[in-house]
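J.: Okay, here's the prediction I keep looking at, along with the sequence it came from:
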Amino acid sequence: MPAALAHPADDPLAELDRQVDALVALGVAAVAGLAADDLRAAVAPLRDRLPDAVARPSGAQDPDDRVPFVLVVPADPNDAVPAMRRGGRHGVSVLGREEATGFRPLDDVAVPAGPAYLLLDVDTGSDLRGEAPATALEVVRGRGRTPLTMAEGIALVTVRPDMLRPNRCFSLLASRDGSKRVPAVWISERRPKLGWCWDGNPHTWLGSASAAGRLGADG
């Protein structure tokens with residue numbers, strides 16, 4: 001197994017390097033139009049801010065659901081989905097290409113500009129299993145946290161495939177297409193799957209992921 005796809009590192013800067021290498025090795029940088037050196041250059045300004053950012057107290061409800069940070073490189077969702085994996089099986093999407101790109105961030109979700117940014121203090125939200133996405137969104141906001149977008153959920157599973165677990169999958173509440181559909185990532189046929197659920201329907205195996213915030217190259 002390539003080092004980039006191995007277990008996460010304890011040191012934040014080493015883990016950032018591992019995530020960069022994983023996004024290069026799995027083709028995410030390429031589908032985003034970035035050469036490996038271009039991605040590393042884009043991430044360089046984030047390195048100086050990372051230690052302070054991850055030193056803040058966590059707001060995750062369950063330590064087992066927490067990821068200190070995720071490097072997000074926005075790309076076409078269906079091009080990025082195969083980089084998700086579970087064992088040797090790559091991710092799939094039930095959304096058509098135009099359908100997937102029709103999901104946009106909610107108005108109150110500010111996604112940093114640029115080719116890469118950090119998602120901080122991620123919580124996969126297992127405590128919100130059994131809550132309808134519409135209800136879960138209110139809870140997430142009430143905690144002063146931000147829901148995840150589709151791109152962020154794909155990035156999370158790409159760099160931390162261990163966080164997509166049976167009966168602990170998650171909705172991506174921050175991306176909407178104007179309908180009642182909410183994207184989600186779950187396990188189907190032993191592989192990660194990007195799909196959607198109705199915002200009024202609860203599922204016992206589906207939580208709702210959130211983060212403390214986002215950090216771009218400009219702060």
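T.: Here it is on my side, so go on. Quick caveat, the model's predicted, so the values are computed rather than measured.
J.: ranges for the strands of this protein?
T.: Per DSSP state E, the chain carries strands over the ranges 66-72, 85-86, 89-90, 92-93, 104-105, 117-123, 146-147, 169-171, 175-176, 181-188, 191-198, 206-208, 210-211, 213-215.
J.: of all the ones you listed, which lies closest to Leu156?
T.: With distances scored as C-beta to C-beta, the stretch of those nearest to Leu156 is strand 66-72 (5.0 Å). Backbone N, C-alpha and C define where each C-beta goes, glycine included.
J.: between the strands of the chain, which gets nearest to Asp52?
T.: The nearest among the strands of the chain, by C-beta to C-beta, is strand 213-215 at 9.9 Å.
J.: quick one: low-confidence parts of the protein?
T.: Scanning the chain with the threshold set as pLDDT under 70 gives 1-6, 219.
J.: All the helices of it, residue numbers only.
T.: Secondary structure of the chain (DSSP state H): helices at 12-25, 28-31, 36-54, 77-80, 97-101, 133-142, 150-159.
J.: distance between the last one and the chain's centre?
T.: Pointing back at helix 150-159 there. How far helix 150-159 lies from its chain's middle: 3 Å, per C-alpha atoms, centre = their mean, to the nearest Å.
J.: tell me what that helix is packed against?
T.: Packing contacts for helix 150-159, counted by 3 or more C-beta pairs under 8 Å, 6 or more residues apart in numbering; DSSP states H and E, involve helix 12-25, strand 66-72, helix 77-80, strand 117-123, strand 181-188, strand 191-198.
J.: Would you indicate which residues of the last one are buried?
T.: For strand 191-198, the neighbour count (16 or more other C-beta atoms under 10 Å) marks 191-194, 196-197 as buried.
J.: Ala36: which of the residues you listed is nearest?
T.: Among the buried residues of strand 191-198, and counting by C-beta to C-beta, the member closest to Ala36 is Pro192, at 23.9 Å.
J.: So what's the residue count around Ala151?
T.: 22 (other C-beta atoms under 10 Å).
J.: contacting residues for it?
T.: Residues near Ala151 by C-beta atoms under 8 Å, 6 or more residues apart in numbering: 72, 74-75, 77, 80, 175.
J.: So what's the residue count around Asp52?
T.: Counted with other C-beta under 10 Å, Asp52 comes out at 10.
J.: Hmm, I typed the wrong one, I wanted Gly178.
T.: 8.
J.: thinking again about what came up before, for the helices and strands packed on helix 150-159, which one sits closest to Gly216?
T.: Smallest distance to Gly216 across the helices and strands packed on helix 150-159 (C-beta to C-beta): 4.4 Å, for strand 117-123.
J.: Show me the contact partners of the closest one.
T.: Looking at what lies outside strand 117-123 - C-beta under 8 Å, 6+ apart - the contacts are 46, 50, 53-54, 56, 58-62, 65-72, 111, 145, 148, 152, 155-156, 209-217.
J.: Narrow those residues to those that are buried.
T.: The buried subset of those (16+ other C-beta under 10 Å) comprises 46, 50, 53-54, 59-61, 65, 67-72, 111, 145, 148, 152, 155-156, 209-212, 214-217.
J.: Export the helices and strands packed on helix 150-159 as CSV, with columns for distance to Val31.
T.: Output for these, formatted as CSV (distance: least, C-beta to C-beta, whole Å):
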stretch, distance to Val31
helix 12-25, 10
strand 66-72, 14
helix 77-80, 4
strand 117-123, 17
strand 181-188, 18
strand 191-198, 15
